[in-house]
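Trainee: Quick one, fold the following:
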Amino acid sequence: MLVSTVALAGCATNSQNQQADSNPARTARDHYLAQTQSDPLGAYLTNREQEYARSAAPQTTTTLASTALSVLGIKYRYGGETPDTGFDCSGLVIYAAEKSLGLKLPRKSSELARLGTSVKRNELKKGDLVFFNTRGRRFSHVGIYLGDRKFVHAPRTGSVVRIESMDIAYWQKRYNGARRLAINTSQALTAN
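Mentor: As a prediction, this is how the structure comes out:
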């Protein structure tokens, strides 16, 4: 079988191909094909990326949630806004927004509650900011919605950045609403 494979491979260099090489049209075509690179998988992936870019915003607030999830387990610290110092609730949000979206957000959760657009509870999407009344005043606590009725936040002294369910009675009673940040910085810093 090896001998027949070698014989077949040798067919490509027979005298018929050598005569075709002297044809000017064939020579031009062969030159063109030699200069052209075929990358069907690369072309497919490029097309898919372009389709995705047309159907979705270049940056989405889902990256906000992903950034917040990357610091799970970091200790709570009142006034903290970095993984090195720890986080309070709004510190976690402003850290995630700056790292993932390049947004500079105000420091207080009550100020964050005026940004972006209001979102109904049944229309929450990953990356939306969710607000709670934990200190007897509206919007005193903020977290980042993850989907499936869960959110990530920095809850209190002695705790760490963690995921919790919004279906827990404590959070259900204290829920104040949600906001969706605009990707465009100038839009994000205005209230609706």
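
Trainee: how about the strands in the protein?
Mentor: Under the criterion DSSP state E, the chain contains strands at 81-82, 86-87, 117-119, 129-132, 141-147, 150-153, 162-165, 175-180.

Trainee: which helices and strands does the third one pack with?
Mentor: With contacts defined as 3 or more CB pairs under 8 Å, 6 or more residues apart in numbering; DSSP states H and E, the secondary structure elements packing on strand 117-119 are strand 175-180. (Each C-beta comes from the backbone N, C-alpha and C, glycine too.)

Trainee: between the strands of the chain, which one is nearest to residue 93?
Mentor: Across those, residue 93 has its closest neighbour in strand 141-147 (5.5 Å, CB to CB).

Trainee: correct me, but residue 139 touches residue 130?
Mentor: No. The criterion here is CB atoms under 8 Å, and residue 139 misses it with residue 130 at 10.4 Å.

Trainee: now residue 97: how far from residue 122?
Mentor: Distance of residue 97 to residue 122, computed by CB to CB, to the nearest Å: 24 Å.

Trainee: Please identify which of these two sits among more neighbours.
Mentor: Per other CB atoms under 10 Å, whichever of residue 97 and residue 122 has more neighbours is residue 97, with 25 against 5.

Trainee: In the chain, where is pLDDT below threshold?
Mentor: By pLDDT under 70, the low-scoring segments of the chain are 1-22, 24-61, 183-192.

Trainee: let's see 80
Mentor: 1-61, 182-192 (pLDDT under 80).

Trainee: ranges for the helices of it?
Mentor: Per DSSP state H, the chain carries helices over the ranges 2-10, 15-20, 24-35, 40-55, 62-69, 89-101, 109-112, 169-174, 185-188.

Trainee: So residue 176 sits against residue 132, correct?
Mentor: Yes. Contact between residue 176 and residue 132 holds when scored by CB under 8 Å: they sit 5.8 Å apart.

Trainee: Name the residues contacting each of those two.
Mentor: Common neighbours of residue 176 and residue 132, counting by CB atoms under 8 Å, 6 or more residues apart in numbering, are residue 139.

Trainee: More neighbours: which of those two?
Mentor: Neighbours were counted for residue 176 and for residue 132 using other CB under 10 Å; residue 132 has more, 24 against 17.

Trainee: now the more buried one: how far from residue 83?
Mentor: Per CB to CB, residue 132 is found 23 Å from residue 83.

Trainee: Please list the residues outside stretch 166-181 that contact it.
Mentor: Here stretch 166-181 makes contact (CB under 8 Å, 6+ apart) with 61, 64, 97, 101, 103, 112-121, 124-125, 127-134, 138-139, 141, 145, 149-151, 164-165, 188.
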